[in-house]
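> mind looking at a prediction? Sequence and model below.
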Amino acid sequence: MPDWFSGLFRQVEIKTLLKQVNILISKKGTVTVKTKQRILKDPLWKSSDGLLGEGNLELIDHNRKKQYLLKEGVAIPFMVDLGIMSIDGNVIKSKYDKFKQINRYLEFIEDILPNLPKEEEIKVIDFGCGKSYLTFAMYYYLKEIKGYRIKITGLDLKEDVIKTCNELKERYGYQELEFRKGDIKSYQGTNQVTMVVTLHACDTATDFALYKAALWGAKVVLSVPCCQHELNKQISCDDLQPVLKYGLIKERMAALMTDAIRANLMEALGYKVQILEFIDMEHTPKNILIRAVRKGSQPPAKEIQKNLNQLKSTFEYLNCNLTLYQLISSTKEWTEDIEGK
């Protein structure tokens, strides 16, 4: 141990079964040793019978197993039919990333539960639901596990996908879950929802989903954007040209800027917005989730207009005019001139 302190280290912490020792060496070479009894609330060691003593000590495994909201070893019908679990509840090895993604998604929903009314029916629109792994998971978790009164509508453009999903939901007895063929841009099936979900909606489809969510007064919005081309085509900035001349860099910067602008626009409409990592980059590059939660009542038009005006310099600098901004700016109730009223 003396060799460790020959200019290499000036502090060491040693933990034994019953004690913790801290050794400190000052710049002048003064050695200070502090010793204290360990509080065995989370010990390094434990006994097989619960008692600490000679001959019966076992090392606690520090690699604790991840506790998922949907448990492994418990067969969930939709997870079995969608090929994620076996009939005995074990996760199929090749589908483990999807299993982790579903649980990560449910963790985001768990975080926003305080913003959902427990006593009222929760209406959810899932734009671009696809095979509906996450739609079924959301219904199962909120309805079967948490006991919320919930009605979920999943929309997709593929008729075969909608047909299969409706057959599955009938098999499980999920009466408050429905799937319809529909497009984000043109959907008019409701005028009020509690939560809007859009996962991997391509390019400006995400903008239409965010716009519809705000227009309907959704309390919560969860959006994972995908394939963002609009800003990449528009962006033109002399100051940034040394960076933007590289195609790959330009594409990735444009995607990140697009999501940042979307977040700011949702904040302008009265939402508290977070940009979060949805799933590890090693599993998918589409890993950004925009989570918007309504802070209270919608701001008055004058305040919204003020918020939008603060973003104009950004649009001018990047020489862009994005879809979500155009949609918001063309909505009279948000941007009408109310000076003098």
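Looks like it came in fine.
> now L289: how far from S223?
Remark: distance between L289 and S223 (C-beta to C-beta, to the nearest Å) = 7 Å. Bear in mind the C-beta positions are built from the backbone N, C-alpha and C, glycine included.
> neighbour count winner among the two?
Shown here are L289 and S223; by other C-beta atoms under 10 Å, S223 has more neighbours (27 against 20).
> am I right that that one sits in a strand?
Yes. Counting by DSSP: H, G, I helix; E, B strand; the rest coil, one finds S223 located in a strand.
> let me see the ranges of the helices in the stretch 151-300 of the chain.
Assigned helices in the stretch 151-300 of the chain, in chain order: 159-172, 205-215, 230-234, 241-244, 247-268 (criterion: DSSP state H, counting those that start in this stretch).
> quick one: the second one to helix 247-268, angle?
Same thing as helix 205-215. 10 degrees (axes from the mean of the first three to the mean of the last three C-alpha atoms, to 10 degrees).
> any idea how far helix 205-215 is from the middle of the chain?
Mean-position distance between helix 205-215 and its chain equals 17 Å (C-alpha atoms, centre = their mean, to the nearest Å).
> and that helix, what other elements does it pack with?
Contact here means 3 or more C-beta pairs under 8 Å, 6 or more residues apart in numbering; DSSP states H and E; on that basis helix 205-215 packs against strand 122-127, strand 195-202, strand 220-226, helix 247-268, strand 288-294, helix 323-329.
> ok, 6 Å please
If contacts are counted by 3 or more C-beta pairs under 6 Å, 6 or more residues apart in numbering; DSSP states H and E, helix 205-215 sits against strand 195-202, strand 220-226, helix 323-329.
> what mean pLDDT does that helix get?
Summarised as a single mean, pLDDT over helix 205-215 is 94.
> what does that helix rub up against?
127, 184-185, 196, 198, 201, 221, 223, 225, 269, 323-324, 327 (C-beta atoms under 6 Å, 6 or more residues apart in numbering).
> please save the CA atoms from it in PDB.
Taking Å, rounded to 0.1, in the frame of the first residue of the first chain, the C-alpha atoms of helix 205-215 are listed here in PDB:
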ATOM      1  CA  ALA A 205     -46.300  13.800 -39.800                       C
ATOM      2  CA  THR A 206     -44.900  14.500 -36.400                       C
ATOM      3  CA  ASP A 207     -45.700  18.200 -36.800                       C
ATOM      4  CA  PHE A 208     -49.300  17.400 -37.700                       C
ATOM      5  CA  ALA A 209     -49.600  15.100 -34.700                       C
ATOM      6  CA  LEU A 210     -48.200  17.800 -32.300                       C
ATOM      7  CA  TYR A 211     -50.500  20.400 -33.800                       C
ATOM      8  CA  LYS A 212     -53.600  18.200 -33.500                       C
ATOM      9  CA  ALA A 213     -52.600  17.300 -29.900                       C
ATOM     10  CA  ALA A 214     -52.400  21.000 -28.900                       C
ATOM     11  CA  LEU A 215     -55.500  21.900 -30.900                       C
END
